[in-house]
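> Generate coordinates for the sequence data below:
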Amino acid sequence: MQRDVAVVGAGYVGLPLAVRLAEAGRTVVCLDPDEGKMARLNAGDSYIEDVSSPDLARLVGDGVLAGTTDETELRDADAILICVPTPLAEHREPDLGAVRAATAAVARNLRKGHVVVLESTTYPGTTREVLQPMLEEGGLVAGTDFHLAMSPERIDPGRTDFTVRTTPKVMGGITPACAERAAAVYAGAVDDVVRVSSPEAAELAKLLENIFRTVNIALVNELAMLCDHLGLDVWEVIDAAATKPFGFMRFEPGPGLGGHCLPIDPFYLTWKAREHGVSTEFIELAGKVNEHMPHYCVDRVARLLNDEAKAVKGSRVLVLGVAYKNDIGDMRESPALPVIEQLRERGADVAYHDAHAPEVPELDLASVELTPAEVERADLVLIATSHGDVDYAMVVDRACVVLDLRNALGKRGLGGPNVQRL
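Prediction:
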């Protein structure tokens, strides 16, 4: 069946993009090896929080969106967008396994006139050095027989103020014509396409965006640890600094970095930098600070329990929130998980509540109901993620000790002698 667009990878990035393109009038097919997900997609049952099932069902019912596990359907699409994960390998180097597998599938089904766009976050040079040679193995030439470009995804799960449509798309092509043809794929689906001179510029722009956040979060995390020693409230300091109308941008501390970008993207750039013999000490130091935060937070728990004449071993700790950010269920790289693991290693009896993430299979834990009795049972309540559906007033009222790592209570005007903040 002829389609306008094929989206390879129907996860947190691919499915919302496919939906937006279909809403803009494109006919779209999603290719994903997960048969269960594709069955749910074709039944109009969304498995991604940012996509509602009614919206998905309407698009599927209208015949403008479908899912498949058959890679040959790529042949009949005019454009192919690669939206697969780019995690880290065992030794913290880039793992392009999914990108290579997706590119190989595209190469097997590539034809003249195809437009191929990489959306996966990766190091500068991936599009030209990895995708282009693989796609040209069959004899077709990028920029002549088919068009190849890079346009990094900017999905922020759970965000509603900036969407796939309203967030500008950065676009860099192997040739100017490649960029032009690729930009046309998104026309009408996104409000603004920002063209850059090359795929490498687009790849690095995405890394810069996230490394900028990583470095600044590391700065305030380090400041939070210093404030602890100085007897100062880091949140008060940040609030005061944020009153300056220029020259300051607010970032907030927390238990560490989570999600599919911030904990991973810096390693892609530092790996590439080492290939060129360039040191990225500033970026690497920020990574070390952020990676240390779960350890620091567990030490804070130990100190607070000690103040109550209790040891970590045998104490009941109730963790509120295990998702990596508020009001979603995504647990990828969530700092709450190493916090729980380290508390358990010290002998704590850990329970958690998170209505967005009912189970944590890797820790063999299930969310408990947040009742007054459950709060009173805990020797310490640890707020690791500031979900909006939590009765924080009840928590403050019933808890023995609360350690708020996200300033969830302060933002709601809640506090008391039993409350401590990061």
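
> ranges for the strands of the stretch 301-422 of the chain?
316-320, 349-353, 359-360, 365-366, 380-383, 402-404, 419-421 (DSSP state E, counting those that start in this stretch).

> Compute the first-to-last residue distance for stretch 324-339.
12 Å (C-alpha to C-alpha, to the nearest Å).

> so how far is that stretch from its chain's centroid?
Chain-centre distance of stretch 324-339: 10 Å, with C-alpha atoms, centre = their mean, to the nearest Å.

> For it, which outside residues touch it?
For stretch 324-339, contacts defined as C-beta atoms under 8 Å, 6 or more residues apart in numbering pick out 12, 49, 157-158, 254-260, 263-264, 293-294, 297-298, 319, 321-323, 352, 354, 356-357, 360, 362-363, 382, 384-389, 406. (Glycine included, C-beta is placed from N, CA and C.)

> buried subset of those residues?
Buried subset of the contacts of stretch 324-339 (neighbour count, 16 or more other C-beta atoms under 10 Å): 12, 49, 157, 254-260, 263-264, 293-294, 297-298, 319, 321-323, 352, 354, 356-357, 360, 363, 382, 384-387, 406.

> Which ones among the contacts of stretch 324-339 map onto helices?
If you go by DSSP state H, the contacts of stretch 324-339 have Met293, Pro294, Cys297, Val298 in helices.

> looking at it, the first one is touching Asn221, isn't it?
Yes - between Met293 and Asn221 there is a contact at 5.4 Å, judged by C-beta atoms under 8 Å.

> what residues do those two have in common as contacts?
Taking C-beta under 8 Å, 6+ apart as the contact criterion, the common neighbours of Met293 and Asn221 are Pro253, Gly254.

> Distance of Val13 relative to Asn418?
42 Å (C-beta to C-beta, to the nearest Å).

> Looking at these two, which one has more neighbours?
Val13 (26 against 17; other C-beta atoms under 10 Å).

> show me where the stretch 51-200 of the chain has strands.
65-68, 77-82, 115-118, 147-150, 169-173, 193-195.

> Tabulate these (JSON lines), appending distance to Val29.
As requested, the strands of the stretch 51-200 of the chain are exported to JSON lines (distance: least, C-beta to C-beta, whole Å):
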{"stretch": "strand 65-68", "distance to Val29": "5"}
{"stretch": "strand 77-82", "distance to Val29": "6"}
{"stretch": "strand 115-118", "distance to Val29": "15"}
{"stretch": "strand 147-150", "distance to Val29": "19"}
{"stretch": "strand 169-173", "distance to Val29": "21"}
{"stretch": "strand 193-195", "distance to Val29": "22"}
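
> burial count for Pro54?
As a burial measure, Pro54 scores 10 neighbours (other C-beta under 10 Å).

> List the contacts of the closest residue to it other than its chain neighbours.
Spatial nearest neighbour of Pro54, chain neighbours left out: Gly44 (8.0 Å); criterion: C-beta to C-beta, 6 or more residues apart in numbering. Gly44 sits next to Ser53, Pro54, Leu56, Ala57, Arg58, Val60, Gly61 when contact means C-beta under 8 Å, 6+ apart.

> So which of these wins on neighbours?
Counting neighbours by other C-beta under 10 Å, Leu56 leads the contacts of Gly44 with 24 neighbours.

> Next, check the contacts of Gly44 against the helices and list the overlap.
Per DSSP H, the subset of these in helices is Ser53, Pro54, Leu56, Ala57, Arg58, Val60, Gly61.

> tell me which residues of the lowest-mean-pLDDT helix or strand in the chain are tucked away?
Across the helices and strands of the chain, mean pLDDT, DSSP states H and E gives its lowest value to helix 265-275, namely a mean of 91. Neighbour-count burial for helix 265-275, with 16+ other C-beta under 10 Å as criterion, is recorded at Asp265, Pro266, Phe267, Tyr268, Leu269, Thr270, Trp271, Lys272, Ala273.

> can you put these in JSON lines and add distance to Asp233?
As requested, these are arranged in JSON lines below (distance: C-beta to C-beta, whole Å):
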{"residue": "Asp265", "distance to Asp233": "31"}
{"residue": "Pro266", "distance to Asp233": "29"}
{"residue": "Phe267", "distance to Asp233": "33"}
{"residue": "Tyr268", "distance to Asp233": "36"}
{"residue": "Leu269", "distance to Asp233": "34"}
{"residue": "Thr270", "distance to Asp233": "34"}
{"residue": "Trp271", "distance to Asp233": "38"}
{"residue": "Lys272", "distance to Asp233": "40"}
{"residue": "Ala273", "distance to Asp233": "37"}
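
> Not counting sequence-adjacent ones, nearest residue to Glu376?
Using C-beta to C-beta, 6+ apart, the closest residue to Glu376 is Arg398 (5.1 Å).

> swap that for Ala273, please
Closest residue in space to Ala273, ignoring its immediate chain neighbours: Thr280 at 4.7 Å, by C-beta to C-beta, 6+ apart.

> Glu23 now?
Spatially, and ignoring its direct neighbours in sequence, Glu23 is nearest to Leu59 (7.0 Å; C-beta to C-beta, 6+ apart).

> right, and that neighbour touches Ala22 too?
Yes - using C-beta under 8 Å, Leu59 makes contact with Ala22 at a distance of 4.6 Å.

> Overlap in contacts, the two.
The contact sets of Leu59 and Ala22 overlap at Leu65 (C-beta under 8 Å, 6+ apart).

> More neighbours: those two, which one.
A count of neighbours by other C-beta under 10 Å puts Ala22 above the other of Leu59 and Ala22, at 27 against 21.

> can you pull out the helices in the stretch 201-350 of the chain?
Along the stretch 201-350 of the chain, the stretches classed as helices by DSSP state H, counting those that start in this stretch are 234-241, 265-275, 281-307, 336-345.

> can you pull the pLDDT of the residue nearest to Pro54?
On pLDDT, Gly44 comes in at 98.

> what does Gly259 give?
85.

> Please report how far the residue lying farthest from the centre of the chain lies from Ser315.
Distance from the C-alpha centroid of the chain peaks at Ala309, with 39.1 Å (C-alpha atoms, centre = their mean). The gap separating Ala309 from Ser315 is 11 Å, by C-beta to C-beta.

> Check the offset of stretch 213-223 from the chain's centre.
Here stretch 213-223 is found 18 Å from its chain centre; the criterion is C-alpha atoms, centre = their mean.
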